[in-house]
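**Q** Quick one, structure for this:
(chains A and B)
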Amino acid sequence: MLNRFLLVLLLAVISAQAQAKETATDNYKAYCMQCHGMAGNGKGVNIRDMSVMPRDHTDAKAMSGRSDETLFKVIKEGGPSIEKSVLMPPWDGVFSDEEIKDLVQHLRMLCKCKFGT
Amino acid sequence: MQRIMFAALLGISGAALAEGGMLQKECSSCHNITGPVAQTLKEAFAKQGPDLSYAGNKYREEWIVSWLQKPVRIRPAGMYYGDHIKPGPKGDEIDPSTLKDHVALSKADATKVAHELMELKPHDDLIAKEKIEPGTISKQMGEMAFDKFLGCMACHLIEPEYGGLSGPELYTAAKRLQPEYIASFIRSPQAWEPKSWMPNKHVSDVNIQKMVNYLEVLSKETANAK
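**A** Here you go, the predicted structure:
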């Protein structure tokens, strides 16, 4: 019984390690940068043929018009969830809620802005 | 990669390399052969080539044999696009000077390697869940779903000069990949690669079938022949 408990505990630890939280900087570099750009200016390597350009995350005016909740929602559920482009996919299968919250803060750092300011 | 190229430059016989498993001896310097696949971004960023530990579930053997003899780039911006882009006047652009070519093998070596790769099948379970219905789709309808409804063009080329660049080109996908793998990967990229750059777009069964059929249509276009 004790062995079994230890095995379950070990598996839980391994599983937790496998799903360890990534930093917002790394997540942005891995997933967001391909469209939103190395500088976060919306000019990623993928934009050439896009019908709708990705958001410029350094645009304080545009970014301050979005609440943290809206940014969370669009990252998690994709563009159509806030009536924006389907080219922005849902990332719920990739990021945990905690990682999305960190990414929202990362966006606030890029725009140097807050909602409503 | 350097080891492979070094071996190729020295003219070492591929047949000799194949003795005892060419995969382990040479390919493993750039490719993960044994698994597990990358579990963290740090591991994913470090990948020099596609993970081959599930190659037998993924590729078409005849394509591997052919491609290894005349390797051409499939991912326009390399494995991790972030290592191969630079700022340009219109936005980020690919920096070709950072991309390395894959070594070419003889037909005999390519055949041996392909055979070894096809034995790597850790995900028969995922493949068994997919049932590909015979069917077709017009190029126009497929493209509309791909571009407008699903947004896949953001990251993938559907012809040599149209689409995104961070993902692998898709106009050759049906030649390269088994249809069940295509379906399974669209259904859940993270089931195959937890740190895949590709999101799970929660594509419906109907649309998965459409995309498999569409990629088949694309691969048969002579303009896309490669």
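
**Q** Quick one: name the residues of chain A near chain B.
**A** Residues of chain A lying close to chain B (C-beta under 8 Å from any C-beta of the partner chain) are A:18, A:20, A:22, A:26-27, A:29-31, A:33-35, A:37-39, A:41, A:43-50, A:78-79, A:85-94. Where C-beta positions appear, they are placed from N, C-alpha and C, glycine not excepted.

**Q** Just the residues you listed: which are in helices?
**A** In helices, defined here by DSSP state H, the members of the residues of chain A next to chain B are A:Ala18, A:Asp26, A:Asn27, A:Met33, A:Gln34, A:Cys35.

**Q** For B:Ser196, see how far away the residue nearest to the spatial centre of chain B is.
**A** Per C-alpha atoms, centre = their mean, the C-alpha nearest to the average position across chain B is that of B:Pro168, at 6.2 Å. From B:Pro168 over to B:Ser196 the distance is 11 Å, taken as C-beta to C-beta, to the nearest Å.

**Q** My understanding was that the residue nearest to the centre of chain B contacts B:Gly78; is that so?
**A** No: applying C-beta atoms under 8 Å as the test, B:Pro168 and B:Gly78 come out as separate, 10.5 Å apart.

**Q** neighbours around residue 32, how many?
**A** Assuming you mean chain A. 23 (other C-beta atoms under 10 Å in any protein chain shown).

**Q** You answered for a different chain; I wanted chain B.
**A** Neighbour count of B:Asn32, defined by other C-beta under 10 Å: 19.

**Q** Then A:Asp26?
**A** For A:Asp26, using other C-beta under 10 Å, the count is 16.

**Q** Ok, A:Pro90 next?
**A** Neighbour tally, A:Pro90, other C-beta under 10 Å: 20.

**Q** now the residue nearest to it when sequence neighbours are not counted: how far from B:Ala145?
**A** With sequence-adjacent residues excluded and distances taken as C-beta to C-beta, 6 or more residues apart in numbering or on different chains, A:Pro90 is closest to A:Gly78, at 3.6 Å. Remark: distance between A:Gly78 and B:Ala145 (C-beta to C-beta) = 16 Å.

**Q** In terms of neighbours, single out the busier of these two.
**A** A:Gly78 (22 against 18).

**Q** So the more buried one sits against A:Val94, correct?
**A** No: at 11.6 Å, A:Gly78 does not count as touching A:Val94 under the criterion of C-beta under 8 Å.

**Q** So which bits of chain B are right by chain A?
**A** Going by C-beta under 8 Å from any C-beta, the residues of chain B near chain A are B:39-42, B:44-45, B:77, B:80-82, B:85, B:87, B:90-94, B:148-151, B:153-155, B:162-166, B:188-190, B:194-195, B:197, B:199-202.

**Q** Which ones among those residues map onto helices?
**A** Among those, the members falling in helices (DSSP H) are B:Leu41, B:Lys42, B:Ala44, B:Phe45, B:Pro189, B:Gln190.

**Q** out of those, who's nearest B:Gly56?
**A** Using C-beta to C-beta, the shortest approach to B:Gly56 within these belongs to B:Pro189, at 18.5 Å.

**Q** Contact partners for that closest one?
**A** Listed by C-beta atoms under 8 Å, 6 or more residues apart in numbering or on different chains, the contact set of B:Pro189 reads A:Gly93, B:Ser196, B:Met198, B:Pro199, B:Asn200.

**Q** quick check: domain ranges of chain B?
**A** Following automatic domain parsing, chain B resolves into domains at B:1-122, B:123-226.

**Q** low pLDDT regions in the chain?
**A** All of this refers to chain A. Judged by pLDDT under 70, chain A has its weakly predicted residues at A:1-2, A:5-19.

**Q** nope, chain B
**A** Ranges of chain B meeting pLDDT under 70: B:1-20, B:222-226.

**Q** can you give me the helices in it?
**A** Per DSSP H, chain B carries helices over the ranges B:2-10, B:14-18, B:22-25, B:41-45, B:55-58, B:61-69, B:107-117, B:124-128, B:139-144, B:173-176, B:179-187, B:189-192, B:205-219.

**Q** Which residues does the fifth one contact?
**A** Which is helix B:55-58. Contacts for helix B:55-58 (C-beta under 8 Å, 6+ apart): B:64, B:117-124, B:126-127, B:177-178, B:181.

**Q** For it, which residues meet the burial criterion?
**A** By neighbour count on 16 or more other C-beta atoms under 10 Å in any protein chain shown, the buried set for helix B:55-58 is B:Ala55, B:Gly56, B:Asn57, B:Lys58.

**Q** before we move on, the earlier item: mind giving me the ChimeraX select for the residues of chain A next to chain B, buried ones only?
**A** Typed into ChimeraX, the line below selects the buried ones among those, using 16+ other C-beta under 10 Å:
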select /A:22,26,27,29,30,31,33,34,35,37,38,39,41,43,44,45,46,47,50,78,79,85,86,87,88,89,90,91,92,93,94
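
**Q** Skipping adjacent residues, who's closest to B:Ile64 in space?
**A** Here the residue nearest B:Ile64, using C-beta to C-beta, 6+ apart, is B:Ala114, at 3.9 Å.
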